[in-house]
Structures are given as C-alpha cells and as structure tokens.
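Trainee: Starting from these lines, generate the structure:
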Amino acid sequence: VQLVESGGGLVQPGGSLRLSCTASGFTFSNYRMSWYRQAPGKERELVANISRGSYTINYVDSVKGRFTISRDNAKNTVYLQMNSLKPEDTAVYYCHAERITGLRGTHYWGKGTLVTVSS
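Mentor: Numbers count the residues shown, from 1 in each chain. This is a model prediction of the structure:
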C-alpha cells in the first residue's frame, strides 16, 4: 500500500499550488480521502476530506473558499488545489485514506509534502 504526495514547494503569499496524492495497493474508490497538515510545533489537523463518490466534501474553516479537494477514481488520485495561500498555510501536508466497515477501520497515510508560503 502506498500513498505518494507531490506538488509541494515554496510559494509567495497569494500564490497557488496543487497537491496530488496517488494511491496504490488498495481499492481507492472504496476509501474516503483526506488532506491533513502539520505546521511546526502544532498538532496535525484535518484540512479537507471527500467521500468515495465525491458527494460529500468538508473543509476546515480556515481554508474555506481558498482550497478545493477533488478526486479522480480512475486515476487513483486525490487533489488539493490551494489558492490565495497565506504564511499560516505553511505545513507538511499529508494524504490519508480511510475505510470504515462496521466497527473496523482501515487507515493509510502518505509521507507528506512540504508547503512553504513565504516572501
């Protein structure tokens, strides 16, 4: 099982980045996908998640209107389009896959990609 994030980097405030996470080794379309982030010295927080069929999408308040999560089940990939980036968006961004079956949960994490917003 692998989740491989890409697309991170250094961007100026107000700029944009698109993160990608490509999955392998499991049935991607059966999993809810999420993006988390962890800033230096802070706890990991949920940024956005998207249901298996893209019907339900949620965002943390601080990114609403700026970030867009999407997925392509044919490509086993989830995306995070980040616009109007702010210095406080600086963090390592992690891809997460979750499937809940009854009382059992299966979770996979990527290794993360660093996003730095700075002038």
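
Trainee: C-alpha from now on. contacts and neighbour counts both.
Mentor: Will do.

Trainee: Now name the helix or strand holding the residue nearest the centre of the chain.
Mentor: Closest to where the C-alpha atoms of the chain average out (C-alpha atoms, centre = their mean) is Trp35, at 2.3 Å. If you go by DSSP states H and E, Trp35 is part of strand 32-38.

Trainee: hmm, back to that, return the residues in contact with the nearest residue to the residue nearest to the centre of the chain once chain neighbours are set aside.
Mentor: Using C-alpha to C-alpha, 6 or more residues apart in numbering and skipping the chain neighbours, the partner closest in space to Trp35 is Cys95 (4.8 Å). Residues counted as contacts of Cys95 (C-alpha atoms under 8 Å, 6 or more residues apart in numbering) are Leu3, Val4, Glu5, Cys21, Met33, Ser34, Trp35, Tyr36, Trp109, Gly110, Lys111, Gly112.

Trainee: Let's see if you can find the most crowded of those residues.
Mentor: Met33 (28 neighbours; other C-alpha atoms under 10 Å).

Trainee: For Phe28, see how far away the nearest residue to it once chain neighbours are set aside is.
Mentor: Spatial nearest neighbour of Met33, chain neighbours left out: Ala97 (4.7 Å); criterion: C-alpha to C-alpha, 6+ apart. Note on Ala97: its distance to Phe28, by C-alpha to C-alpha, to the nearest Å, is 8 Å.
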